[in-house]
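**Q** Build the 3D model from these lines:
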Amino acid sequence: MRCVIARYPFDLTKGGVLDSMKGVTPEPVTGESVTIGRRRYPVKQVGEVVTRQDRRDFSSGEVVRAMTRLGFTCHPDPEAAPAPAPAATPVQTASALLGGTTPLDG
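**A** Next up, the predicted model:
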């Protein structure tokens, strides 16, 4: 599969990525990650090993797109918090305390 990472074209295959990552010890996952074989690697580490480029030269999104297209399972950043629920107005809070329903209840 042909993909562009850090403005350079690469011909990547699933087997080629598996071979490249064979024997590579995974770094601790602190952001987005990808499962290759039985191991979970940070996407920046995978991008660096596969492309032989400095990890500052490409974004994690570029590697995630390429790995997803090759059939690997990618995982979002575990620290990413879900969007907070909208805060209730004082009137909605009082209504809920008095037994009424609020528009936030759905």
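
**Q** What is the burial count for the residue nearest to residue 22 when sequence neighbours are not counted?
**A** Distances taken as C-beta to C-beta, 6 or more residues apart in numbering put residue 37 closest to residue 22, at 8.0 Å, once the chain neighbours are dropped. From N, CA and C alone the C-beta is placed, and that goes for glycine too. Neighbour count for residue 37, taken as other C-beta atoms under 10 Å: 11.

**Q** let's number from 8 now, not from 1
**A** Right, with 8 as the first residue, what we last looked at is residue 44.

**Q** separation between residue 44 and residue 100?
**A** Distance from residue 44 to residue 100, counting by C-beta to C-beta, to the nearest Å: 51 Å.

**Q** How far off centre is stretch 30-49?
**A** Mean C-alpha position of stretch 30-49 versus that of the full chain (C-alpha atoms, centre = their mean, to the nearest Å) differs by 12 Å.

**Q** what sits up against it?
**A** Residues from elsewhere that reach stretch 30-49, judged by C-beta atoms under 8 Å, 6 or more residues apart in numbering: 24-25, 28-29, 50-53, 56, 67, 70-71, 74, 79-86.

**Q** can we see that at 7 Å?
**A** For stretch 30-49, contacts defined as C-beta atoms under 7 Å, 6 or more residues apart in numbering pick out 24-25, 28, 50, 52-53, 56, 67, 71, 74, 79-84.

**Q** State the pair within these that is farthest apart.
**A** Using C-beta to C-beta, the pair of the contacts of stretch 30-49 lying farthest apart is 25 and 84, separated by 24.0 Å.

**Q** Contact partners for residue 17?
**A** 10, 58.
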